[in-house]
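>>> let me see the structure of the following:
(one chain, ligands or ions: 2)
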Amino acid sequence: MNLLMTCLALFLSLQALPCTPCKFPAIINLGDSNSDTGGLSATFSLVRSPYGETFFDMPAGRYSDGRLIIDFIAKSFGLPYLSAYLDSLGTNFRHGANFATAASTIMQQSVPLNKGGYSPFSLQVQLAQFSQFKSRSRIIAKKGKVFKSLMPKKDYFKKALYTIDIGQNDLTELFFSNQSADDYIPLTMKVFSDVVKKVYKHGGRHFWIHNTGPLGCLTYVLLRRPSSSRELDSVGCAMIFNKLAQKFNEMLNETVTQFRKDLPSATIIYVDVYTAKYNLFRKAEKYGFEKPLRTCCGYGGGDYNFAFNVRCGDKGIVEGEEVLLGKSCSHPEKSIIWDGIHYTEAANKWVFNEIATGKYSHPSLPLCKMLEQSGTERRSVA
Ligand SMILES: *[C@@H]1O[C@H](CO)[C@@H](O)[C@H](O)[C@H]1NC(C)=O
Ligand SMILES: *[C@@H]1O[C@H](CO)[C@@H](O)[C@H](O)[C@H]1NC(C)=O
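Ligands and ions are numbered 1, 2, ... in the order given. Reported below is the predicted structural model:
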């Protein structure tokens, strides 16, 4: 109890500092580009400059100018940024692994990445990889020395924080292929539920589950939507996509509520990232951001600065010379949207600071208090 109070006091007084007494030893993450720290980039085409420029000074496998929410979560526990499981070079899995890849979906899709489709590493594939990681990391650790030092300790699988952020690509797929949300979303919930239950069987006990963000505020759907869905809200976001995201989120919340009954010894936090992000778009100026819907790293200028055929990092020939066309704006720290699809480091940091307090969570627990809530200290967490 003392520890708990200390942690809470520390958290309230020094929100930006790591919450040391309550840290998780490892993080295991599943998801899409919102939390991919290098998986897709290592596997297919390398993320290019100017991605990464704000924090890493070079492309760092992330679809942002800097860090993602998952990076800020790791930092808050005093852990290193997560290595991507699919990255075979220079990786360190001591404090967890990241199975997320950009363009991942909950439902396995048939259109491949090189045809404008999706990552082959759907949620169930990520689970299969996690399962291998868990068993094979033990075998590798037995080789000792450097091998051991790069693998998580055995008990970390039980003590780790399991974070999940996926669903955004399922929503674009279902919308643009004219599938019914009422048919499709329940299928995603079934898969999501199976995956979480398997992780629980593997020993996972602490889950931090993000819902999906306000899709209708992102340039790539705003500009792609058909004329039948032109309606914008007061912020300028496409209502039809935000309603779809909200529908998904309601069902996700129900699914998570059911987990609390089915997985009694787990602590499961549902994090309403949607509302945090939407509040940022809504009150952008108050929080130091300008033109919330304008893409920072894009092409074409105007209200959105986004073109489907010239993306962030794309080059072109101008007057006989090759130049960077999809380039960064001069103040990414004042932009919310980085490349038309993904958020800037500044936006990710803002969202992290909001959700870490627990005010967007159900049950309403600050991130750093989660560990004390589980096991013997677990009280009436609904
Ligand atoms: C979905 O419907 C729209 C409008 O009816 C149509 O233009 C589009 O081609 C359809 N997409 C698919 C994948 O069937
Ligand atoms: C999620 O569901 C719980 C009930 O389990 C409810 O109290 C809470 O308000 C819901 N959260 C959101 C953001 O809808």
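>>> looking at this, Ala97 is in a strand?
Yes: the assignment for Ala97 by DSSP: H, G, I helix; E, B strand; the rest coil puts it in a strand.
>>> pull the contacting residues for it.
By CB atoms under 8 Å, 6 or more residues apart in numbering, the residues touching Ala97 are Ile28, Asn29, Leu82, Ser83, Ala84, Tyr85, Phe130, Phe133, Pro152. In short, each C-beta sits where N, CA and C put it, glycine included.
>>> among the residues you listed, name the ones in helices.
Taking DSSP state H as the definition of helices, the contacts of Ala97 contribute Phe130, Phe133.
>>> what's the closest non-adjacent residue to the residue in the stretch 51-200 of the chain that ligand 2 sits nearest to?
When distances are taken as CB to the nearest ligand atom, the stretch 51-200 of the chain reaches nearest to ligand 2 at Met189, 14.0 Å away. Spatial nearest neighbour of Met189, chain neighbours left out: Thr255 (4.9 Å); criterion: CB to CB, 6 or more residues apart in numbering.
>>> please apply the same query to Arg225.
Using CB to CB, 6+ apart, the nearest residue to Arg225 is Ala238, at 5.3 Å.
>>> what is the burial count for that neighbour?
Neighbouring residues of Ala238 were enumerated by other CB atoms under 10 Å; the total is 23.
>>> also the one 4 residues further on?
Residues near Asn242, counting by other CB under 10 Å, number 20.
>>> one step back: quick one: is the helix or strand hosting the residue of the stretch 51-200 of the chain closest to ligand 2 near ligand 1?
When elements are assigned from DSSP states H and E, Met189 belongs to helix 181-201. No: on the criterion CB under 6 Å from any ligand atom, helix 181-201 is out of touch with ligand 1, staying 13.4 Å away.
>>> contacts for that helix, please.
Where contact means CB under 8 Å, 6+ apart, the residues beyond helix 181-201 that reach it are 28, 30, 106-107, 123-124, 126-127, 130-131, 162, 164, 166-167, 170, 174, 207, 209, 244, 247-248, 251-252, 254-255, 258-259, 262-263, 266.
>>> list buried residues within the residues you listed.
Taking 16 or more other CB atoms under 10 Å as the criterion, what is buried in these is 28, 30, 106-107, 123-124, 126-127, 130, 162, 164, 166-167, 170, 174, 207, 209, 244, 248, 251-252, 255, 259, 263, 266.
>>> let's see which of those end up in helices.
Using DSSP H to define helices, the subset of the buried ones among the contacts of helix 181-201 located there is 123-124, 126-127, 130, 170, 174, 244, 248, 251-252, 255, 259.
>>> widest-spaced pair of the residues you listed?
Within these, two members stand farthest from each other by CB to CB: Phe130 and Leu244, at 28.4 Å.
>>> which bits of the chain sit near ligand 1?
With the criterion set to CB under 6 Å from any ligand atom, the chain comes near ligand 1 through Ser177, Asn178, Pro226.
>>> and the gap between Asp314 and ligand 2?
Between Asp314 and ligand 2 the distance, using CB to the nearest ligand atom, to the nearest Å, works out to 38 Å.
>>> got the contact list for that residue?
With contact taken as CB under 8 Å, 6+ apart, Asp314 is in contact with Tyr299, Leu324, Leu325, Gly326.
>>> and the residue of this structure closest to ligand 1?
With CB to the nearest ligand atom as the measure, Asn178 is the residue of the chain nearest to ligand 1, at 3.8 Å.
>>> give me phi/psi at that residue?
Here is the backbone geometry of Asn178 (degrees, to the nearest 10): phi 60, psi 30.
>>> same check on Leu232?
Leu232 adopts backbone torsions of phi -110, psi 150, taken as degrees, to the nearest 10.
>>> i'd like the first residue to be 24 from this point on
Sure, I'll start numbering at 24, so the last one becomes Leu255.
>>> touching, it and Ile263? I think so.
No: look at Leu255 against Ile263 with CB atoms under 8 Å: they stay out of range, at 9.9 Å.
>>> picking that back up, want to throw the ones in helices among the buried ones among the contacts of helix 204-224 into TSV with distance to His365?
Putting those into TSV (distance: CB to CB, whole Å) gives the following:
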residue	distance to His365
Leu146	19
Gln147	24
Gln149	19
Leu150	24
Phe153	24
Asp193	17
Leu197	20
Leu267	19
Phe271	19
Met274	24
Leu275	21
Thr278	25
Phe282	28
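>>> which one of those residues is nearest to Pro237?
Leu267 (10.3 Å).
>>> please name the nearest non-neighbouring residue to the closest one.
In this structure, Leu267 finds its nearest non-sequential neighbour in Leu194, 5.4 Å apart by CB to CB, 6+ apart.
>>> tell me the contacts of the one you found?
Leu194 makes contacts with Thr235, Leu238, Phe264, Leu267, Ala268, Phe271, as judged by CB under 8 Å, 6+ apart.
>>> ok, residues contacting the helix or strand hosting the third one?
It refers to Phe264. In this structure, Phe264 sits in helix 262-285 according to DSSP H and E. Contacts with helix 262-285, where a contact means CB under 8 Å, 6+ apart, come from 190-191, 193-194, 197-198, 204, 208-209, 211-212, 215-216, 219-220, 230, 232, 234-240, 244, 248, 252, 254-256, 289, 291, 293, 295, 297, 301, 385, 404-405.
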